[in-house]
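>>> Can you look at this prediction? I've put the sequence above it.
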Number of protein chains: 2
Amino acid sequence: MAEPALVAVDWGTSRLRAALLDRAGQVLERSAADEGIMHVEAGRWAETLERHVGGWLRQNPAMKVVMAGMIGSRNGWVEAPYASCPADWSEIAAKMTLVRRADGGEVWIAPGLCTRNQDGVPDVMRGEETLIAGTHVGDGVMITLGTHCKWATLKDGRVETFASFMTGEFFAALKDHTILGRLAENPEDNAGFVRGLTAAKRKGGLLHTAFQTRTSVLLGDMPGAQVDPFLSGLLIGSEILGGLELTKPDGTLHLLASGPRGELYRQTLAAHGYKVIMHDPEHALIAGLARLMHLRGMD
Amino acid sequence: MAEPALVAVDWGTSRLRAALLDRAGQVLERSAADEGIMHVEAGRWAETLERHVGGWLRQNPAMKVVMAGMIGSRNGWVEAPYASCPADWSEIAAKMTLVRRADGGEVWIAPGLCTRNQDGVPDVMRGEETLIAGTHVGDGVMITLGTHCKWATLKDGRVETFASFMTGEFFAALKDHTILGRLAENPEDNAGFVRGLTAAKRKGGLLHTAFQTRTSVLLGDMPGAQVDPFLSGLLIGSEILGGLELTKPDGTLHLLASGPRGELYRQTLAAHGYKVIMHDPEHALIAGLARLMHLRGMD
């Protein structure tokens, strides 16, 4: 077995995922748990980390830990300041924040990124900057999926700017806490997804088009089994129209996504005429953390 | 005291409001309770109505009751079928549905209205058709406020078509069930409202612009006290842009609204350059019910 060299941790709102890496960035072991920052009592950060990666650290106490995600937010271990766009990866790496483990060892937390668009409107990301770093893509538009999706514009190895879309969170709130979810039936009929994409192109804006999720069923145009896929298509379609409007990509898009949801985005973007290059988020996160450490000379 | 002639009831999702009218449609007495259809056990409709208006009916058992609102939905007393746009008020009155009281007397329930836009996309209203009838406006664009707002296009005494906007329901769902409400502080600072209106005009769509509710506070651009007014301004601004896009009104708009929320709409529409004519919803509802009965020869 190759020698352990670095512990890489993705510590988000709901999950903690850790990987033990060798000097080449290859994964030697993995660990994961539902111990995201919303599940951990404030102040118990070092103790929770120790429980997950302590065994690895005892084999090699000089190893550093590097982390990305909401652990660096103001509700996490320490608020790691944002780097400001445009930012290259060296600048982002230089903004990493150091905290100490119970054994005195180093834990480095990646910064978030903030940007302001042409109107001065602010936006933030935390965790996605590390994912993007891990793809080693230096030019183009990259989309990351999540509760909030990010559309980042990369140029000459820098993140120029980016825009967030609350697509996943809107879906959950509208489905569970408005009248739109009431007529939904299972199992889902995915034909609703494409109908939702079509609805996203209609006039009047989302506050209007969303109501069709209900009226189409009320008036017998759509079965209840299509309700959730329709709402998903409407929101993903709205995001994609908004993202294309803001980023004006050339013919290629990079998509940091996996699984069924990634495939829905890939197909939809392809239907808009784009060549879509897929990147695996799990691999990108680890590669990104290793890259940030390398840029700091700590690999 | 003038002779009682008609009992008019607005029976919605959360409230029941009744009025005793004379032959001229003047209100003699009123009653109101939090016994909307969501609070009444299914099947207990006649009994609940009797509790509120039984005293009036015993004075004059021949009086008819006329109702509008969600009481005519599939979750209410009886599903009163929709009239289809374009529809004039005689056609709407002809679609009223009869149910019987415990004493055998007549209860007439106004129909809802349905429409299909140029793409065949359906929309529905239930209750607002009666409000609009009560204004006696025959031409122009009329906006009704509520959990769902409606923008109706009237022409030659007919409702040509209309569009719903889920503005109120989105506000509640986003404020209480997404990250957007987390940084809100009280008391509210209404300066946030105008900032939200400005944000509504920005590119990227609501899934993007909504996130500014959070990022502006995170990056120190906006105090927490402006969060809720900002979100309100963003949503009302989005509705108004969408409504204007769909209805393309000439220089005048009719607004069926009262109170502080009505005033926010009035000011915003005026800022868009429109002359706004206000109509009182409480008066309009009663006048609308009386008008539908008159058109059926039952006044």
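That came through, no problem. Residues are numbered from 1 along each chain as shown, chains lettered A, B, ... in the order given.

>>> could you pull out the helices for the stretch 151-299 of chain A?
A:167-177, A:191-200, A:206-209, A:212-218, A:227-247, A:259-271, A:281-295 (DSSP state H, counting those that start in this stretch).

>>> want to throw those into JSON lines with mean neighbour count?
To be clear about C-beta, it is placed using only N, CA and C from the backbone, and glycine gets the same treatment. Output for the helices of the stretch 151-299 of chain A, formatted as JSON lines (neighbours: other CB atoms under 10 Å in any protein chain shown):
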{"stretch": "helix A:167-177", "mean neighbour count": "20"}
{"stretch": "helix A:191-200", "mean neighbour count": "21"}
{"stretch": "helix A:206-209", "mean neighbour count": "26"}
{"stretch": "helix A:212-218", "mean neighbour count": "23"}
{"stretch": "helix A:227-247", "mean neighbour count": "24"}
{"stretch": "helix A:259-271", "mean neighbour count": "15"}
{"stretch": "helix A:281-295", "mean neighbour count": "22"}
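
>>> which one of these lies closest to chain B?
When those are compared by CB to the nearest CB, helix A:227-247 sits nearest chain B, at 3.5 Å.

>>> can you list the residues of the stretch 51-200 of chain A near chain B?
Residues of the stretch 51-200 of chain A lying close to chain B (CB under 8 Å from any CB of the partner chain) are A:82, A:114, A:119, A:121-124, A:148, A:163-167, A:169-170, A:172-174, A:176-180, A:199.

>>> Could I get the pLDDT score of the closest residue to residue A:244 other than its chain neighbours?
Counting by CB to CB, 6 or more residues apart in numbering or on different chains, residue A:272 is the residue found nearest to residue A:244 once chain neighbours are left out, at 6.9 Å. Predicted confidence (pLDDT) for residue A:272: 96.

>>> doesn't residue A:243 make contact with residue A:272?
No - Residue A:272 lies out of contact with residue A:243 (CB atoms under 8 Å); the separation is 10.2 Å.

>>> Roughly how far does the closest residue to residue A:97 other than its chain neighbours sit from residue A:130?
Spatial nearest neighbour of residue A:97, excluding adjacent residues (CB to CB, 6+ apart): residue A:80 at 4.0 Å. Distance, residue A:80 to residue A:130, by CB to CB, to the nearest Å: 11 Å.

>>> would TSV of the helices of the stretch 151-299 of chain A with distance to residue B:186 be doable?
Listed next are these as TSV, based on distance: least, CB to CB, whole Å:
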stretch	distance to residue B:186
helix A:167-177	21
helix A:191-200	35
helix A:206-209	25
helix A:212-218	32
helix A:227-247	30
helix A:259-271	37
helix A:281-295	39
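
>>> Just the residues contacting stretch A:220-232, thanks.
A:171, A:174-175, A:180-181, A:183-193, A:195-196, A:199, A:210, A:212-213, A:215-217, A:264, B:122 (CB atoms under 8 Å, 6 or more residues apart in numbering or on different chains).

>>> Okay, now the unreliable bits of the stretch 51-200 of chain A?
The stretch 51-200 of chain A contains no residues with pLDDT under 70.

>>> sorry, back to before: so which of the helices of the stretch 151-299 of chain A gets nearest residue A:158?
Among these, helix A:281-295 comes nearest to residue A:158, with 13.3 Å by CB to CB.

>>> Could you check the angle the closest one makes with helix A:259-271?
Inter-element angle recorded for helix A:281-295 and helix A:259-271: 90 degrees (by axes from the mean of the first three to the mean of the last three CA atoms, to 10 degrees).

>>> Report all helices and strands that helix A:281-295 contacts.
Helix A:281-295 sits against strand A:4-11, strand A:16-22, strand A:64-68, helix A:89-94, helix A:128-135, with contacts defined as 3 or more CB pairs under 8 Å, 6 or more residues apart in numbering or on different chains; DSSP states H and E.

>>> shouldn't residue A:24 be in contact with residue A:2?
Yes - with contacts defined as CB under 8 Å, residue A:24 counts as touching residue A:2 at a distance of 7.3 Å.

>>> on that earlier part again, the residue nearest to residue A:244: how many residues sit nearby?
Neighbour count of residue A:272, defined by other CB atoms under 10 Å in any protein chain shown: 14.

>>> quick revisit: residue A:80 and residue A:130: who's more crowded?
residue A:130 (30 against 24).
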